[in-house]
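1. predicted model follows, preceded by the sequence.
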Amino acid sequence: MWASNEAADAQAARPVLLDHLMLGKTILLHTNDKLGGRRLSGHLRAAGNEVVVSDGANAARDLLAAHAVDLVFVDVAAPQPHEVVAAARGCAPVVVLSTAGDPHVMLDFVCEQEVEHVLARSGDIGDSFDQLAREVVVTAEKILRGDLFGIEKYLPGFGLEISSFEVRSAADRDDVVECVGEHAAWLGAGSEARRAVAAVVDELVTNAIYDAPRGPDGQPRYAALDRREKVKLDPWEHVTVRWGSDGDFVAISVSDGFGSLRPEHVRAGLRRCLGEGDQIEHKPGGAGLGLYTTLSYCSQLVVNIEPGARTEMIAVIDLRRGQAVRRGGRSLHLFTDDARTRTCADGDAVPASIEVSPSMLVELRDHLVPARRASAVVPLVRRRTTAPPAAAAPTRARGSNPPPMADAIDAGTACGLFHGAIDPERAVQAALRFLTRPYQGAVAYSVDGDRLDATLYAGRVRDWAMLRKLHLLASGPAAIAVLAREPRAQAFEPGSPLDYRIALWTAGVSEAAGLVIPIRVAGNLRWVLYAAGPMPDATIPPATLVEVHRELEHSLLRVDSDEPEIEVRWG
């Protein structure tokens with residue numbers, strides 16, 4: 001759809017509304033480049049969104065005031081981009097598009113206007129929107145879906161290999177820099193691209209080691225140390241580095257488990273470097289060099305933050321030619337998984353006093369708003385920011401309330417919950433809670449043919465999303481699968497790369513010892529329980545483990561819907 005202040009323009013370009021939109025989201029694209037706007041609209045619609053294109057600031061403001069859009073892309077070359085950005089504040093997230101590669105655009109919109117996303121490409125005007133297309137779609141989908149983390153979003157997809165490295169101390173920094181640099185050389189990157197990769201990895205890992213960790217008081221633990229001091233990190237402070245490439249670009253992710261970085265820190269660093277008139281190509285001096293240097297080497301620099309939980313820095317570097325590395329794309333994204341950054345306005349309200357061209361008003365009232373309310377679209381899944389209203393609890397005798405699901409329980413309580421379970425998941429969840437007394441995290445794998453899928457968890461599991469994505473073969477070499485073939489519970493130490501990865505995602509330590517308990521129902525393997533990260537001075541007596549194992553299998557035999565019920569009648 002193309003919105004304009006002129007009634008003739010609005011009448012000439014009628015909206016195309018599809019009944020089968022996948023997400024039911026509406027994106028406003030404010031640009032006067034009609035050819036580029038059509039190109040980007042096609043990419044955004046392919047992701048299941050409706051797109052309204054506006055070439056006038058008044059039409060854009062009217063749509064924003066009516067809460068008729070969920071996301072706004074603003075081309076800095078379009079009329080009055082600052083006014084559109086100001087109108088979007090509090091109504092919809094804003095992404096700024098720049099095809100000139102001007103660092104002052106970033107200084108203006110990121111530092112002064114507090115825009116969190118600037119997509120920039122320097123180069124020929126005719127090709128600039130095409131270069132932006134994939135990044136535009138990825139940015140829009142991350143914002144609308146609330147799915148922020150992972151470098152997979154910045155790689156084409158199927159068939160690409162992603163490598164990982166766990167940094168446990170500052171001494172590992174040189175090793176991971178060399179490892180990623182050798183990978184870039186193996187891909188055929190030139191010397192300048194390899195230097196860019198090495199500089200970016202070194203800077204991001206250094207920041208994650210020294211600046212991210214926080215103590216119990218919330219204060220930085222190592223920020224005051226000299227960067228040459230080889231600090232050894234505690235297990236919960238380990239840094240994860242992941243990287244992958246399609247041959248043209250390499251995407252590098254550096255993650256910590258603290259979420260201590262803030263968007264204002266990034267803005268302050270940019271302001272110190274860009275505010276004095278320095279250009280990206282010039283060698284900077286003074287504070288904030290790390291971010292400044294990293295940004296100068298990247299096509300994209302992405303900051304994903306879950307406050308107080310984790311930070312992921314993603315750098316996308318062009319490997320194809322030295323000129324691209326020197327020039328860079330300078331796209332910057334600040335994603336925050338936090339309720340304060342999400343739009344809370346009611347997107348369905350259309351005030352009657354909004355002044356829009358007559359044809360546009362008819363379309364908004366008769367088509368856009370009902371389409372957004374339709375239940376046929378697939379709803380967008382977002383992290384819940386407020387607890388749902390509590391349902392009325394059934395009346396219980398005093399002292400009969402079960403402990404909260406997040407609490408660890410002892411063997412007696414676990415066996416009691418087994419006896420009262422009404423479905424397999426509740427029985428298995430009780431077993432996991434029992435395992436979190438002596439272990440940091442516990443995961444239940446359901447057996448589906450020759451596949452083991454992570455289905456339930458309890459305790460302080462480090463990365464449940466990654467565990468859910470990993471599908472193990474029951475006949476495969478992973479220790480969980482091998483020990484599941486044994487009749488009894490078995491303790492083990494990780495011994496393969498896959499074991500290390502599972503232990504890292506479960507307990508936060510790749511070498512964490514584990515325990516595997518195969519659960520059989522009527523002789524068939526149905527579940528595999530895995531616990532990792534033994535707690536200090538906490539053990540399970542063998543007899544207790546055998547008892548819990550036996551009671552769980554008896555409970556599952558009783559409630560398992562796949563087992564036939566035997567009806568006994570007395571004559």
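-> Received, thanks.
2. quick check: the gap between the residue most central in space within the chain and Ala133.
-> By Cα atoms, centre = their mean, the chain has its centre lying nearest to Phe149, at 2.1 Å. Counting by Cβ to Cβ, to the nearest Å, the gap from Phe149 to Ala133 is 23 Å. To be clear about C-beta, it is placed using only N, CA and C from the backbone, and glycine gets the same treatment.
3. what about the strands in the stretch 51-200 of the chain?
-> According to DSSP state E, counting those that start in this stretch, the stretch 51-200 of the chain carries its strands in the segments 71-75, 94-98, 117-120, 162-167.
4. kindly compare burial across those strands and name the winner.
-> strand 94-98 (a mean of 27; mean count of other Cβ atoms under 10 Å).
5. mind listing the strands it pairs with, and their directions?
-> Within its sheet, strand 94-98 is paired with strand 71-75 (parallel), strand 117-120 (parallel), according to DSSP bridges.
6. the ones you listed into JSON lines, with extra columns for distance to Gly218?
-> Output for the strands paired with strand 94-98, formatted as JSON lines (distance: least, Cβ to Cβ, whole Å):
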{"stretch": "strand 71-75", "distance to Gly218": "34"}
{"stretch": "strand 117-120", "distance to Gly218": "28"}
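7. and the ones you listed as a markdown table, adding mean pLDDT?
-> Below are the strands paired with strand 94-98 laid out as a markdown table (pLDDT from 0 to 100):
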| stretch | mean pLDDT |
| --- | --- |
| strand 71-75 | 91 |
| strand 117-120 | 86 |
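8. looking at these, which is nearest to Ala421?
-> Evaluated over those, closeness to Ala421 peaks at strand 71-75, with 44.6 Å, by Cβ to Cβ.
9. now do the domain split for the chain, please.
-> 1-146+354-379, 148-336, 411-559 (automatic domain parsing).
10. distance from the chain centre to the second one, please.
-> For domain 148-336, the distance between its averaged C-alpha position and the chain's averaged C-alpha position is 16 Å (Cα atoms, centre = their mean, to the nearest Å).
11. then stretch 145-157?
-> 7 Å.
12. give me the phi and psi for Gly259.
-> Phi and psi for Gly259, reported as degrees, to the nearest 10, are phi 60, psi 40.
13. an error on my part: the question was meant for Pro156.
-> Dihedral angles for Pro156 - degrees, to the nearest 10 - are phi -60, psi -30.
14. so what's it up against?
-> Contact analysis of Pro156 by Cβ atoms under 8 Å, 6 or more residues apart in numbering lists Asp246.
15. Val316 should be in a strand, yeah?
-> Yes: under DSSP: H, G, I helix; E, B strand; the rest coil, Val316 sits within a strand.
16. relative to Val266, how far out is it?
-> 17 Å.
17. cool, and Glu178?
-> 28 Å.
18. same check on Tyr154?
-> Distance, Tyr154 to Val266, by Cβ to Cβ: 18 Å.
19. distance check, the closest residue in space to Leu28 that isn't next to it in sequence against Asn207.
-> Closest residue in space to Leu28, ignoring its immediate chain neighbours: Val69 at 4.1 Å, by Cβ to Cβ, 6 or more residues apart in numbering. The spacing between Val69 and Asn207, counted by Cβ to Cβ, is 36 Å.
20. cool, and Ala479?
-> 34 Å.
21. Trp236 versus Asp211, what's the distance?
-> Counting by Cβ to Cβ - Asp211 and Trp236 are separated by 16 Å.
22. show me which of these two is the more surrounded one.
-> Asp211 (19 against 14; other Cβ atoms under 10 Å).
23. and the helices in the stretch 151-300 of the chain?
-> 173-186, 191-210, 263-274, 289-297 (DSSP state H, counting those that start in this stretch).
24. cool, and the stretch 401-550 of the chain?
-> Assigned by DSSP H, counting those that start in this stretch, the stretch 401-550 of the chain shows helices spanning 411-420, 424-435, 464-469, 479-483, 497-507, 542-559.
25. rewinding a little: mind checking which of the helices of the stretch 151-300 of the chain is nearest Glu166?
-> Using Cβ to Cβ, these put helix 173-186 closest to Glu166, at 9.0 Å.
26. can you list contacts of that closest one?
-> Contacts with helix 173-186, where a contact means Cβ under 8 Å, 6+ apart, come from 163, 165, 167, 193-194, 197-198, 201-202, 205-206, 209, 241, 243, 245, 250, 252, 319.
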